[in-house]
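Asker: Provide a 3D model corresponding to the input given below.
(3 chains, ligands or ions: 3)
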Amino acid sequence: MLSDEERSEIEEEIRHYARKRGASVEALMCVQRRRGWVDDETLKEVADMLGMSVGELDGVATFYNLIFRRPVGKNVILICNTISCMVMGYENILAHLEERLGIRLGQTTADGLFTLLPVPCLGACDRSPVMMVGEKLYPGLTPEIADEILREHGWRG
Amino acid sequence: MEGLTEKPLTGHLKPDGEALDISEYEGYGGYEGLRKALRMGHSEIQKEVKEANLRGRGGAGFNTGLKWSFVPMGKDAPRPKYLVANADEMEPGTFKDRFLLERNPHLIIEGMIIASFAIEAETAFVFLRWEYTLAAKRMRRAIAEAYERGYLGRNMLGSGFNLDLRVHVSAGRYICGEETALLNALEGRRAVPRSKPPFPQTSGLWGRPTVVNNVETLSNVPHIITGGAEWYRKLSRSGDGGTKLFGVSGRVKRPGLWELPMGTTAREILEEHAGGMADGFSFRCLIPGGASTEFICEEGLDVKMDFDSVQKAGSRLGTGTMIVLDHTVCPIAALHNLERFFAEESCGWCTPCREGLPWVARLLGAIEDGEGEPGDIETLREHTRSLWVGKTYCALAPGAMEPLKSGLAIFREDFERHIREKGCPSKRERG
Amino acid sequence: MPKIYVDGKECEAAEGQNLLEACLGLGFDLPYFCWHPAMRSVGACRQCAVKEFKDENDARGRIVMACMTPVTEGARISIDDPEARAFRAGVIEWLMASHPHDCPVCDEGGECHLQDMTVMAGHVYRRHRFGKRTYRNQDLGPFVNHEMNRCIQCYRCVRFYCDYAGGRDLSVFASRDSVYFGRSEDGTLESEFSGNLVEVCPTGVFTDKTLKKHYTRKWDLQAAPSICVHCGLGCNTTPGERYGRLRRIRNRYNGSVNGYFLCDRGRFGYEFVNGDKRIRRPVLRERPGEEEQIDAGEAIRRASLMLGDGKRVMAIGSPRASLESNFALRELAGPENFFSGLPDNEHKLLRLVLDILKGGPARSPSLSEVGRADAVLILGEDVTNTAPVEALMLRQAARKRPVEKAVSRKIPEWDASAIKTAIQNEKEPFHVAAPFATKLDEAAKAVYHAPPEDIARLGNAIAHELDRDAPSPEGLEGRIAQLAKDIAEDLKDAKSPIIVSGVSLSEAVVKAAANVAWALEAIGKKAALSYIVPECNSTGLALMGGKSLDDALKAAAHGGFDTLVILENDLFTRAGKEEVEVFFECFENIIAIDHTATRTTSAAGLVFPAAAFAEGTGTLVNSEGRAQRFFKVFDPEGDIAEGWRWLGRIMEESGAGTAWSNIDEVLESMASEVPELQEAIDAAPSAGLRMAGQKVARAPQRFSGRTAIHAGRSVIEPRPPEDPDSPLSFSMEGFQPKGLGKEPPPELIPQFWSPGWNSPQAVIRFQDGTNGGLRGNDPGVRLINPAEAMPGYFREVPGPFRPRKGEWLVIPVYHIFGSEELNALSPPVAGLIPRPYIGLNPEDAVKLEAPPGEEVALKAGGLHLKLPARHMPGLPEGVAALPVLPGVERLRLPQWGVVARPKESAA
Ligand SMILES: Cc1cc2nc3c(=O)[nH]c(=O)nc-3n(C[C@H](O)[C@H](O)[C@H](O)COP(=O)(O)O)c2cc1C
Ligand code: SF4
Ligand code: FES
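Answerer: Ligands and ions are numbered 1, 2, ... in the order given. Sure, this is the predicted structure:
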């Protein structure tokens, strides 16, 4: 069930578009911000608010890589895997993270703390390799820095 | 005028990395351009911008004033009209719009207001990629400040002009940066591009006249209005007006971003501003303007970085942010990385892009892994022809083919050796 | 007409088309996927690439998508150009990269647009050596099978389902090379047009589940031109038969009627033909409960005894029997003893509709004209449930003016996505007045939910707004007066307004609709007036004349009749059980002729097995007044024969004349006896027609096994049956229509097939230009034409609806699945028929303390029904709704009744 707070936030978004559906992505994100992902039931409610069918809204939701339709860990790590980061050796960082967390790209740790996902170019190529954890950008990664970041987010290894 | 500098985009930025707030911005003459614009006619503004030869910084380099002039004006024009600042920056290797959004939000806002006024748009959006969280925060704060000072909202500065401006935060996918896909995204549809014609200027957001401009493009507008077209053109070292944010990433001494005159050579950017190659790394080649441009090698480094010159040199200025490949990077692996990116970012609408790019990426992957076959090079070459402009629905796939096309020529030897020797020779050499 | 050059050949193309449409219309082969003639272009698949040259000196040219390039004067293009060819082959190669190549086990095989285009584009060798993607399939309900692995991502399915047909539960999900077409979760497709996906999908993703169940190759299906029997619209169909069983229904293009699409009732209702309730031999029932099958000769002899010898005979015809059968019956009993079998109000309303359409200037539109209307007023019909394809056409009409506006902004009409962008969901003059919420409400600018009287008042108010001479309802509420004014404005502004009404509600509504249409005519606007009628030959029966069922009941009660002959009519679906039983008591003999056992046939002493539509030949008249011929698809087993054939033989046996030897003779007698039906003869060519000296083959060229089908019984190959009634042969031998002019008159095209075109898209080869009518005129002749002169308006306008304390006005509700008798007998449809209910306004329901599903009692017309309550949004207070469904006793509606909780009503 959408909370009142979510509802009013979505309604506020809707006000800014000529038609309700314009607020699709923001409405879904509003749900995701609070719950980490968008479950089927909530998606239905949001669709209702936007005057869209469930399929229509889900068609939009599943188009985007940053709208999660399946549960994710408490911290979503988005590691850039595109050209500049490749040149600067993101593969080592990724391998390091996979080793540390015991998961592969696309997976979530058993304790539900981390989900590791690839992301295209984060627009911080002068500071490659980079990744985001949650809403924060972490540039200039080395294995040591990566460990620190993981610790900052509750990793105890 | 006090605000005018040789570096209109970055001249007054704060060294501490914070954004200019509205008072600071006004202190450097900010919003003077807007005041002046409000006194000019719509067509006068359009003309000024056109004459400044400001070319779109989103990558295609279309004359901005000319683009605006296609918007139907006057009483009978369909309304409301819209202006969108394209801040979806996701072109690999590109990090220039992030910089402006984080550091000089008011410049963008002022540019957007003037542009909106020039086309009589009543609603404007900043279409921002989700990952730019700091930019979102700073843009929103700046927008609130601008509302407070009466630069936005109803009857702006007593001019009778109304404008609403809002940040729309997207949720990923490179294709959203393509202007018509962006409009579908803003309408809450799947972000699939639209066919052109009709162009957004006549039938854009919700079917209404809409202009989509890149963030950097719009940031140039206030200064063109304050300084005039002629002043602006003279900032450049070539025919394209103004300055440009040039960036370098890769194994160079000082990766970064600099505002330099249009037409600064690639060599100067690479060697002087980026400090040349990092120790222990030698230059192999570079992609001049984001992932969807063709490679430039040593002998091409003296090209002037402006739209026409780079085009003449067989590549594109694109976003003006170059990616340097050093001698340790296997070119096949680099191409594989690029093409996998494009394949994954295809919207899935047209066949060549949806089906052709994954094939290309898999072929490159196979070659990289030593599973290439002799016919593969020809298959790749065919794709560079059949995923070309006009054959696909939008410019994503042709963009993807630019590095591949030049890569196949430049790294021919590498391709053949990978196939012949069933694997990456340099990897083997390195052990 | 612009001149264009295709590979150097000078051709004339139609204005306002794109190059693909022009090329296809001119007969060139150019492959395509995402384009569809009804949905037009989106430029997604890139299959239709051609080379375009600037002028005759341009040797390089550039590749363009034909479907996205307008026809312009002097355009020069090449289909044959090597680069264009190579690119097209490449597109197929891409599409094939993940296609499963499962043609040998695929239901689409042999009728697959993807197969056709692969051959046409010349892709032969597979270079792609990587894995294919796979998907999970969904259960989409009883009609449509889902096999996503075969998808080639042309987006046609969603474009048809959502954009064209207004469906909401089919979508495209995900992106890049993993886009998925389906529902958000498993479940029956909700659109009543879902079956069209089977034809719209160019490959085997969406296929006909009913066909799949008894898998048959498409080229093994025998077919004949047919007409849908499940509502009054007369959509053209192509039924397919194998081994004496009907296997599927496919759309048969008729540019003036259904175009490319059918509804699910029409497509999947056919299985009653294979049903176990079929009557296949004459049945004699001398004493109740005792029945025996007798042979045909014996049955005819017994019938002649019941009829001859001064016996007074009463005949009851049927709105679901052909003109010929009804006429034969009328001949048998004499016009004065011929009754329509329809209850009084329906009988009278149908006559009234005829009088209006023939006596006034407003013209009954063809279905395609409905789709081209630019302002719509619906008065009192739930069109989606009573005439589904008309609802589909109306949805197109709803977009008409926004599309025109976009076109005036230089956006080509064929550019579907640009049009969609430009018009968004703009509402255009589309108004619905209905007694409850209907599916078309969503297309409407204004919706008015009201009782029948008030709907009629609104209609009259609109008429009065248009023409002050039209009567004006007294004491109209201000809000309604304003609505009437707005609607009148919209109708006045339109170029081709249409008023849609029907016989579901009341005489006042029918008359109000006429007044609106006439008022438009009075101010110089051509108005179309479309009345929806319930059954496939309701209009034909009305033209035949006769009296109502109530008249029959009365006459019988008076006495003097010996024998009752009932043709293809279950009287228990027309009147209350007791009435019918009393009626039957009045006769010594009852003869029934029907294809399916009903309560009526069980009451008959002698039953003749009639042909179902696919087993016989005859003519039906649709709501437009268009007479259309359906032909025998296969020769049925048993003694099954057309009603008219039985009746002819019986008359001959009883000495009343000689039996007709074929349908042409019936039509001739009918023409001389019933002048109004004279032109029905021209609904199709007569049996004597030959093409190049041959009959037209019902079976396709590649039909297999004719010589072996019967081998289990006898190794001697039986001669194919003779068909005296048509120029069609029961064989693959005979003239094979091939399109592009090598075809019989369109009424006789059993299947659209053309070399290289095995899919439904082959119809392109038979059209007069893409989207045109069938070459040589769309089948059917209009029997109803408007009068020049203005009749006087209907002057009596009902007073406003006054709710009665403690009483409810009970109105009928129709359901696409179940409200028509025959589709309800088709197993896949049967599962979708709603459970009977009593519909209540939500507030009334609250007052009655009847939450949804709670049983309530309805007392009306001497009947006492107990059914669960259903809350119906929009249903006015004081009005209750009773669905027309199997298992719900038939009441004459509307009428007043009492609704109560069962306990209270018992007290
Ligand atoms: C696949 C694709 C992605 C694009 N992404 C961006 C982008 O992120 N930002 C941008 O400004 N332009 C992008 N563009 C270019 C836009 O379509 C458009 O040309 C630009 O926003 C226009 O602005 P300008 O005239 O100011 O350059 C992209 C184009 C394509 C084909
Ligand atoms: S080239 Fe085609 S599939 Fe690719 S992004 Fe553009 S429209 Fe989509
Ligand atoms: S039919 Fe032309 S692009 Fe699909």
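Asker: what's around A:Val60, how many residues?
Answerer: Summarising burial for A:Val60: neighbours were counted as other Cβ atoms under 10 Å in any protein chain shown, giving 28. All C-beta spots, glycine's among them, are computed from the backbone N, C-alpha and C.
Asker: next one: the one 5 residues further on
Answerer: A:Asn65 has 20 neighbouring residues, counting by other Cβ under 10 Å.
Asker: Test my guess that it contacts B:Ile175.
Answerer: No. Between A:Asn65 and B:Ile175 there is no contact, the gap being 11.0 Å when judged by Cβ atoms under 8 Å.
Asker: Can you list the buried residues in stretch C:720-729?
Answerer: Of all the residues in stretch C:720-729, those buried under the rule 16 or more other Cβ atoms under 10 Å in any protein chain shown are C:Pro720, C:Asp723, C:Asp725, C:Ser726, C:Pro727, C:Leu728, C:Ser729.
Asker: need those in TSV with distance to B:Asp16, secondary structure and pLDDT, can you?
Answerer: Shown next, in TSV, are the buried residues of stretch C:720-729 (distance: Cβ to Cβ, whole Å; DSSP: H, G, I helix; E, B strand; the rest coil; pLDDT from 0 to 100):
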residue	distance to B:Asp16	secondary structure	pLDDT
C:Pro720	94	coil	89
C:Asp723	94	coil	96
C:Asp725	94	coil	97
C:Ser726	91	coil	97
C:Pro727	92	coil	98
C:Leu728	89	strand	98
C:Ser729	92	strand	97
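Asker: Closest one of those residues to ligand 3?
Answerer: In terms of Cβ to the nearest ligand atom, no member of the buried residues of stretch C:720-729 lies closer to ligand 3 than C:Leu728, at 34.6 Å.
Asker: Do a quick rundown of the strands in the stretch 351-500 of chain C.
Answerer: With DSSP state E, counting those that start in this stretch, the ranges of strands along the stretch 351-500 of chain C come out as C:375-379, C:430-434, C:446-449, C:497-502.
Asker: per-residue pLDDT, the residue of chain B found nearest chain C?
Answerer: Closest to chain C within chain B is B:Glu355: 3.5 Å, counting by Cβ to the nearest Cβ. On the pLDDT scale, B:Glu355 is placed at 98.
Asker: My reading is that it is in a strand; is that accurate?
Answerer: No. Remark: B:Glu355 does not belong to a strand; assigned using DSSP: H, G, I helix; E, B strand; the rest coil, it is helix.
Asker: Could you report the neighbour count for it?
Answerer: Quick note: B:Glu355 (other Cβ under 10 Å) scores 26 neighbours.
Asker: show me what contacts the residue positioned nearest the centre of chain A?
Answerer: Nearest to the mean C-alpha position of chain A, by Cα atoms, centre = their mean, lies A:Leu66 at 4.8 Å. By Cβ atoms under 8 Å, 6 or more residues apart in numbering or on different chains, the contact set of A:Leu66 is B:Trp130, B:Glu131, B:Ala171, B:Gly172.
Asker: so which pair among those is furthest apart in space?
Answerer: Distances among those were taken as Cβ to Cβ; the most separated pair is B:Glu131 and B:Ala171, at 9.8 Å.
Asker: returning to that earlier point: in space, what's closest to the residue of chain B closest to chain C - neighbours in sequence excluded?
Answerer: For B:Glu355, the nearest residue in space outside its immediate sequence neighbours is C:Trp94; the separation is 3.5 Å by Cβ to Cβ, 6 or more residues apart in numbering or on different chains.
Asker: and that neighbour, what element?
Answerer: In this assignment (DSSP states H and E), C:Trp94 forms part of helix C:82-98.
Asker: Give me the helices and strands touching that helix, please.
Answerer: Where contact means 3 or more Cβ pairs under 8 Å, 6 or more residues apart in numbering or on different chains; DSSP states H and E, helix C:82-98 is packed against helix B:351, helix B:376-386, strand C:49-53, strand C:62-65, helix C:113-121.
Asker: Fine by me, thanks again.
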